[in-house]
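Q: could you look at this predicted model? Sequence included:
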Amino acid sequence: MLGLLLRPGPRRVDGQGRFGRPCPADRFREGRFVDDFAADWDALAEDALAVVTAVEGPYVLFGHSMGGWMAFDVASRIEERGGRAPEALVVSAANAPSFGLTVRDMFPAQQETDEQLMHWMRAFGLLPEHVLGDPDLADMALELMRADIRVRDTFYHREGAKVSTPLQILSGADDDIIDPHVADHWRKLSTGDFRHDVLPGGHFYTPDIWSGLPSRITALHQD
């Protein structure tokens, strides 16, 4: 749910849409299990900002769903502080943050049971088989999901936040979470190059589109 993707190094991906040089995993949440979870949105944004600004070389900032808001917030904070901005900001399956947290964005909800959250993660293909078959890993996935939800529910849009870095918006043609005028809303938060691409499928697109999503990111294919 929370996705912050960085790509330092070579600009191109291979023919199968894979990144040429991935970031070290231990810099991200999945490799930091001993760390406490962020208490709120600002704490997570500042933590993500510290990770992003430590990256050497060119990079593209990507976020999916709630991660799209986080990627935008981090990119805008970098620009406001005079830091090295990403080559591009790519936001996937996210409404414009300027509307704040709305009912349509609050899924899944904090009050849902463990069983309901597991069903939701399975339905959207967020849990690989080795996690589903291991009770300890499944419990860890639930803990991570609940931490994401708690942070999401503290989200707020910083008034006046905008980005000048090239902004690409991706949305699913059948995603009923996304506002029909999502492109117009996001365009108002951008002062630089802007494009909106509608892809097949819902909130996580189709399996083929999702697995090859890097191939849809324009900045990864520029010379």
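A: Structure received.
Q: from here on, contacts and neighbour counts on C-alpha atoms
A: OK.
Q: the lowest-mean-pLDDT helix or strand in the chain: how far from the chain's middle?
A: The helix or strand of the chain with the poorest confidence is helix 129-132; it has a mean of 87 (mean pLDDT, DSSP states H and E). When distances are taken as CA atoms, centre = their mean, to the nearest Å, helix 129-132 is centred 23 Å away from the chain's centroid.
Q: the most centrally placed residue in the chain pairs with what?
A: Centroid-nearest residue in the chain: residue 63, 2.1 Å away (criterion: CA atoms, centre = their mean). Beta bridges link residue 63 to residue 91, judged by DSSP bridges.
Q: mind exporting the least confident helix or strand of the chain as PDB, just the C-alpha atoms?
A: C-alpha atoms of helix 129-132 as PDB (Å, rounded to 0.1, in the frame of the first residue of the first chain):
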ATOM      1  CA  GLU A 129       2.300 -17.800  -1.300                       C
ATOM      2  CA  HIS A 130       5.300 -18.200   1.000                       C
ATOM      3  CA  VAL A 131       3.800 -15.500   3.200                       C
ATOM      4  CA  LEU A 132       0.300 -17.000   3.200                       C
END
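Q: mind checking what helix or strand follows that helix in sequence?
A: helix 135-152 (DSSP states H and E).
Q: and that next one, what does it pack against?
A: helix 41-53, helix 114-123, helix 129-132 (3 or more CA pairs under 8 Å, 6 or more residues apart in numbering; DSSP states H and E).
Q: looking at the ones you listed, which is buried most?
A: Of these, the one with the most neighbours on average (mean count of other CA atoms under 10 Å) is helix 41-53, at a mean of 17.
Q: which residues of this structure score low on pLDDT?
A: 1-34, 223 (pLDDT under 70).
Q: swap in 50 and give it another go.
A: 1-30 (pLDDT under 50).
Q: which residues sit against stretch 77-88?
A: 49, 53, 58-61, 75, 163, 165-168, 219 (CA atoms under 8 Å, 6 or more residues apart in numbering).
Q: let's see 7 Å
A: Stretch 77-88 is contacted from outside by 58, 59, 60, 61, 75, 165, 166, 167, 219, using CA atoms under 7 Å, 6 or more residues apart in numbering.
Q: scan these and report the most crowded one.
A: Ranked by neighbour count (other CA atoms under 10 Å), these have residue 75 at the top, with 27 neighbours.
Q: name the helix or strand for that residue, please.
A: helix 66-80.
Q: so that helix versus helix 135-152, what angle?
A: 50 degrees (axes from the mean of the first three to the mean of the last three CA atoms, to 10 degrees).
Q: enumerate every residue touching residue 43.
A: Counting by CA under 7 Å, 6+ apart, residue 43 has no contacts.
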